[in-house]
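1. coordinates for the following, if possible.
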Amino acid sequence: MTAEDLLRHTRIAVTEYQDRLGVASVHYVTSRLHILRGDIPAARASLAEAIDLFERLGMRRELAEARDELARLDAPAEPAPEAE
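-> Residues are numbered from 1 along each chain as shown. Now for the predicted structure:
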């Protein structure tokens, strides 16, 4: 079973139990998976969902972490060091 499969099953379970914190956490972890795979648009979308839910739930620390991660994605890429 892949990480994506586990996240899909977890998302189904937390949605079924109406666990909004769980749903937000799944979105956040999904964004990390997208980042690792290089799918930045999907990562941004997952982070936006997580941020919305964390904000509604009053989860300040998690909200700050997700916003920081989104800011890192939106920051311009640093130039590669030049070889001498």
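2. show me what the helix or strand harbouring R32 is in contact with.
-> Assigned by DSSP states H and E, R32 belongs to helix 20-37. Identification of contacts with helix 20-37 by Cβ atoms under 8 Å, 6 or more residues apart in numbering yields 3-4, 7, 10-11, 13-15, 40, 42-44, 46-47, 49-50, 53-54, 56-57, 59, 62, 65-66, 69, 73. The C-beta positions use only the backbone N, C-alpha and C, and glycine is treated the same way.
3. redo that, cut-off 6 Å
-> Outside helix 20-37, the residues that touch it by Cβ atoms under 6 Å, 6 or more residues apart in numbering are 3, 7, 10-11, 14, 42-43, 46-47, 49-50, 53-54, 57, 66.
4. go on, stretch 55-62?
-> Contacts of stretch 55-62 from elsewhere in the structure, counted by Cβ under 6 Å, 6+ apart, are L21, F54, L63.
5. mark which of those are buried, thanks.
-> Restricting the contacts of stretch 55-62 to buried positions leaves F54, L63, with burial counted as 16 or more other Cβ atoms under 10 Å.
6. in this protein, which spans are helices?
-> In the chain, the segments counted as helices under DSSP state H are 3-16, 20-37, 40-57, 60-74.
7. turn the ones you listed into a markdown table, including distance to E82 and mean pLDDT.
-> Converted to a markdown table, the helices of the chain look like this (distance: least, Cβ to Cβ, whole Å; pLDDT from 0 to 100):
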| stretch | distance to E82 | mean pLDDT |
| --- | --- | --- |
| helix 3-16 | 36 | 94 |
| helix 20-37 | 26 | 96 |
| helix 40-57 | 25 | 96 |
| helix 60-74 | 23 | 95 |
